[in-house]
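Chemist: Build me a model:
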Amino acid sequence: MTFPTTKTIQSNSTNCILSNALPVLAGDNKAADIIPQERQFCSFDLGLLKPDPEIYRRVREKLGCRFEELIFVDDKPKNTKAAAEL
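Modeler: Below you'll find the predicted structure:
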């Protein structure tokens, strides 16, 4: 299977962020300059934590897309596994 390069993905996609960050870190948002606020999702706002499948469903719903259109990247395998099962 061939995958597109990062530049191709970036030029043909819309980025968002889903974080399990604590509310105390909300003011320290390093993504604020590159990802619009309406595409930044925090677990404390959604009332859920990754890897709960419902958190991925809510983000997908807010983005208005299908799961097949999402690419999920995380540093914890249990989070990517939960997302992939949807």
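
Chemist: quick one, helices of this protein?
Modeler: 6-11, 43-46, 53-63, 77-84 (DSSP state H).

Chemist: for those, which one sits closest to residue 37?
Modeler: Of all these, it is helix 43-46 that lies closest to residue 37, at 11.1 Å by Cβ to Cβ. C-betas here are computed from N, CA, C, even on glycine.

Chemist: Show me what stretch 46-59 is in contact with.
Modeler: 16, 18, 20, 41, 43, 67, 72, 74, 76, 78-79, 81-83, 85-86 (Cβ atoms under 8 Å, 6 or more residues apart in numbering).

Chemist: Among the residues you listed, the buried ones, what's the PyMOL command?
Modeler: Buried members of these, defined by 16 or more other Cβ atoms under 10 Å, are picked up in PyMOL with:
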select buried, resi 16+18+41+43+79+82+83
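
Chemist: Residue 70 and residue 61, how far apart?
Modeler: Going from residue 70 to residue 61 by Cβ to Cβ, to the nearest Å gives 12 Å.

Chemist: How about residue 23?
Modeler: 22 Å.

Chemist: In the chain, where is pLDDT below threshold?
Modeler: 1-12, 24-31 (pLDDT under 70).

Chemist: One more pass at 80, please.
Modeler: For the chain, the stretches flagged by pLDDT under 80 are 1-14, 21-34.

Chemist: How many residues are close by residue 39?
Modeler: Look at residue 39: counted by other Cβ atoms under 10 Å, it has 15 neighbours.

Chemist: Please tell me how far it sits from residue 71.
Modeler: Taken as Cβ to Cβ, the span from residue 39 to residue 71 is 14 Å.

Chemist: Ok, residue 61 next?
Modeler: 17 Å.

Chemist: Same check on residue 18?
Modeler: Going from residue 18 to residue 71 by Cβ to Cβ gives 12 Å.

Chemist: go on, residue 64?
Modeler: Distance, residue 64 to residue 71, by Cβ to Cβ: 16 Å.

Chemist: Next up, the contacts around residue 72.
Modeler: Contacts of residue 72 by Cβ under 8 Å, 6+ apart are 56, 79-80, 83-84.
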